[in-house]
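**Q** what follows is a predicted structure for the sequence shown.
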Amino acid sequence: MQRKLFCEINPFCYSVSVGKQRFIRHIKNLFSREKFAKIRSDKKLPYVISSHTSLLMRKLHGTDASLQENKVKNIRLACEKTDGIIIEPGQTFSFFGTIGKPTKQRGYKDGLVITKGRFSSGIGGGLCQLGNMIHYLVLNSPLEVTEIHHHSDALFPDDRRRVPFGTGTSVYYNYLDYRFKNTSDQPVQLHLWIENEELCGQLLSEHSIPYGYSLIEEDHHYKKEGDDYYRISNVYRIVSDKETGVEIRRELILKNHSKVMYDHSLIPEEQIKEQ
């Protein structure tokens, strides 16, 4: 029998472990030499580096619809803290350094969260979708991701998926942060808002950049390992010349090997590869 981790013994031990991780992150932040972005501006920078929209309400079987409604409220609150933030050259954007701690006192609700590969509820639930949005904008830019925590499991089928699988990020206050650094020579700005039941985002800049970016997923298939199925693929970032469209380079940014947590009967048979 495999020995349980301390955090798995009971809820009290779990809360102690979380408190320890949060304290460690507070100390690291206190002594960090990174320069964090803090200034927000209502005036938007003129050039769009990347943009994206994502559907806020999904059809998820077996989940309380009110948790998704609360998720939207949580994302709206976080957008108010994040929209317009300016990241100067050399500065780092921190997700939780920007929105702060999601608490009831600050208006956050019980929303949808993922715990051990399962859907459950928690204060501030749903903020991963905002983290995913920001990460997608950054992946389609010359900026550098400095902290990310990938979701390890395939939690639902690919119905209406508009971005390559696996290009999201987990966030959990405050030790599972999402961070990126402005490694360019000009200021950039995040513009985030909700419109027509969609989360909308843009990454803006002071001057136009000469490159275009796109993400593609290749060799997508499912493979059975023991009694489980895994979703496997490679995700590449393509950098091209904006004027000519000529590909400059192709970068492998992610190798997916994710356990399928939903009903295996929903896996398309033609996408299953034999051993």
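**A** Thanks, I have the structure now. As the structure is a prediction and not an experimental result, all values here were calculated from the model.
**Q** so where's the stretch 51-200 of the chain shaky on pLDDT?
**A** Applying pLDDT under 70 to the stretch 51-200 of the chain flags residues 59-63, 115-118, 159-160.
**Q** and the strands in it?
**A** 86-87, 92-94, 110-115, 118-123, 144-147, 153-154, 179-181, 188-195, 198-205 (DSSP state E, counting those that start in this stretch).
**Q** out of those, nearest to Tyr14?
**A** strand 110-115 (9.9 Å; Cβ to Cβ). Yep, even glycine has a C-beta here, placed from its N, CA and C like the rest.
**Q** within the sheet, what are the partner strands of the closest one, with directions?
**A** Sheet pairing of strand 110-115 (DSSP bridges) gives strand 118-123 (antiparallel).
**Q** need the CA coordinates for the partner strand. PDB is fine.
**A** Output of strand 118-123 as PDB, limited to C-alpha atoms (Å, rounded to 0.1, in the frame of the first residue of the first chain):
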ATOM      1  CA  ARG A 118     -12.100  16.100 -10.500                       C
ATOM      2  CA  PHE A 119     -14.400  19.100 -10.500                       C
ATOM      3  CA  SER A 120     -15.300  20.600  -7.100                       C
ATOM      4  CA  SER A 121     -16.000  24.000  -5.700                       C
ATOM      5  CA  GLY A 122     -13.900  26.700  -4.000                       C
ATOM      6  CA  ILE A 123     -13.700  30.400  -3.300                       C
END
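**Q** now Glu206. Nearest residue, chain neighbours left out?
**A** Gln186 (4.7 Å; Cβ to Cβ, 6 or more residues apart in numbering).
**Q** for stretch 67-87, what is the distance to the chain centroid?
**A** Put simply, stretch 67-87 sits 13 Å off its chain's centre (Cα atoms, centre = their mean, to the nearest Å).
**Q** could you do stretch 140-157 as well?
**A** Taking Cα atoms, centre = their mean, one finds stretch 140-157 lying 5 Å from the centre of the chain it belongs to.
**Q** first-to-last residue distance for that stretch?
**A** Start and end residues of stretch 140-157 are separated by 24 Å (Cα to Cα, to the nearest Å).
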